[in-house]
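Colleague: let me see the structure of the following:
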Amino acid sequence: MTFEHTPVLLEEVLAALQVREAGRYLDATFGRGGHTAAILERIGKQGRVVAIDRDPDAIRAGRERFGMDERLMLVSGPFSQLAQVAAQAGLAGGFDGVLLDLGVSSPQLDNAARGFSFAQDGPLDMRMNNASGMTAADWLNRASESEIARVIREYGEERFAKRIAHAIVGARVQEPLSRTLRLAEIVAAAVPMREPGKHPATRTFQAIRIQVNQEFAEIEAALEGSLIALAPQGRVCAISFHSLEDGIVKRFIQKHSQEDPVYAGLPEVPAHARPKLRRIGKAIHPSEAEVSRNPRARSSIMRVAERMGA
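Modeller: A predicted model of the protein is given here:
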């Protein structure tokens with residue numbers, strides 16, 4: 001099994017997490033283990049990494065790559081279960097760092113059989129865990145035109161969402177949708193204008209993938225779970241790849257970096273209403289050198305916050 005995947009913002013992640021020899025870290029989006037491998041290189045025998053991924057291929061690759069390294073615990077499941085995983089590992093409130101590298105990994109994009117790519121023909125799947133749940137084809141062939149339009153508009157920020165949804169519903173009457181290239185062709189024919197350097201189906205494929213995997217609800221649950229997993233002064237690092245993901249992360253940090261407004265102006269603020277996080281620095285973007293080496297890093301943005309407490 002191959003491990004080709006270039007981790008994004010690697011040095012920035014290691015610096016933000018302040019990786020130390022006996023530290024305990026949770027990589028909630030294992031992928032092909034690029035970030036995990038770098039953390040393992042910097043911790044000693046007393047250090048520990050717990051890594052989560054709901055893609056069975058990622059878990060298999062991780063077990064092959066890292067073998068019997070006793071410092072690593074690999075967990076198969078969605079990162080929305082981050083808090084439960086921390087508890088099962090006996091480390092709730094004990095992690096020095098939590099990493100969320102959101103979006104789709106390169107191996108998923110590059111494997112036509114996974115159905116994420118509009119550039120290669122494959123089954124219209126798009127599930128992060130391709131062993132369970134509704135596929136993109138299932139959803140597209142059952143959803144109403146208005147629901148498809150809403151998802152493409154809200155999750156893809158696509159201004160031609162209504163035209164695309166109408167074209168999809170019209171096409172599925174002739175034959176149920178089952179292949180990625182057919183969907184890409186339908187979308188391309190429905191979009192009257194082109195964005196330079198971007199395939200016309202880019203936004204639609206993003207939107208459908210988010211819908212199929214319930215990605216925004218997953219992100220929100222994982223971020224809230226990080227508050228339970230982190231030790232005082234532990235840090236959460238979240239890497240996003242588009243404005244909607246980044247907005248969720250930004251709002252989470254803002255919300256938990258201030259007192260509950262219900263108690264505003266009161267001389268005594270109870271512990272549960274005090275800030276839980278402290279924002280660390282500004283949003284971090286990849287360097288020009290990294291983007292030249294790895295073009296997929298171009299849209300990445302990382303935000304960092306530190307758990308408050310003694």
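Colleague: shaky segments in this structure?
Modeller: Where the chain drops to pLDDT under 70, the residues are 1-5, 310.
Colleague: and the residue nearest the centre of it?
Modeller: L102 (1.9 Å; C-alpha atoms, centre = their mean).
Colleague: measure it to A231 for me?
Modeller: L102 is 23 Å from A231, where distance means C-beta to C-beta, to the nearest Å. (C-beta placed from N, C-alpha, C; glycine too.)
Colleague: next one: G225
Modeller: 14 Å.
Colleague: show me the strands in the stretch 1-150 of the chain, by range?
Modeller: Ranges of strands in the stretch 1-150 of the chain, per DSSP state E, counting those that start in this stretch, are 24-27, 48-53, 72-76, 95-101.
Colleague: just to revisit the earlier point, tell me which of G225 and A231 has more neighbours.
Modeller: Between G225 and A231, counted using other C-beta atoms under 10 Å, the more crowded position is G225 (25 against 17).
Colleague: right, and the more buried one touches P78 too?
Modeller: No: in terms of C-beta atoms under 8 Å, G225 does not count as a neighbour of P78; the distance is 10.6 Å.
Colleague: where does the residue lying farthest from the centre of the chain land in three-state SS?
Modeller: Distance from the C-alpha centroid of the chain peaks at P267, with 39.8 Å (C-alpha atoms, centre = their mean). Here P267 takes the coil state, with states given by DSSP: H, G, I helix; E, B strand; the rest coil.
Colleague: for it, grab phi and psi.
Modeller: Main-chain dihedrals, P267, degrees, to the nearest 10: phi -70, psi -30.
Colleague: tell me how this structure divides into domains.
Modeller: Listed by automatic domain parsing, the domain ranges of the chain are 10-101+215-307, 123-213.
Colleague: for these, which one sits closest to A112?
Modeller: Set against A112 and scored by C-beta to C-beta, the domains of the chain come closest in domain 123-213, at 7.4 Å.
Colleague: pull up the distance across the closest one, start to finish.
Modeller: 16 Å (C-alpha to C-alpha, to the nearest Å).
Colleague: before we move on, what about stretch 27-36?
Modeller: End-to-end span of stretch 27-36 (C-alpha to C-alpha): 7 Å.
Colleague: mind checking how far that stretch is from the chain centre?
Modeller: 11 Å (C-alpha atoms, centre = their mean, to the nearest Å).
Colleague: same question, stretch 81-96
Modeller: Counting by C-alpha atoms, centre = their mean, stretch 81-96 comes out at 19 Å from the chain centroid.
Colleague: ok, stretch 273-289 next?
Modeller: 17 Å.
Colleague: also stretch 154-170?
Modeller: Distance, centroid of stretch 154-170 to centroid of chain: 24 Å (C-alpha atoms, centre = their mean).
Colleague: go on, stretch 239-246?
Modeller: 8 Å.
Colleague: which residues sit against that stretch?
Modeller: 8-9, 13, 99-103, 155, 157, 206, 210, 215-216, 219, 248-249, 283, 299-303 (C-beta atoms under 8 Å, 6 or more residues apart in numbering).
Colleague: and what of stretch 174-191?
Modeller: Contacts of stretch 174-191 (C-beta under 8 Å, 6+ apart): 112, 115, 117-124, 136-137, 140-141, 160, 163-164, 166-168, 171, 199-201, 204-205.
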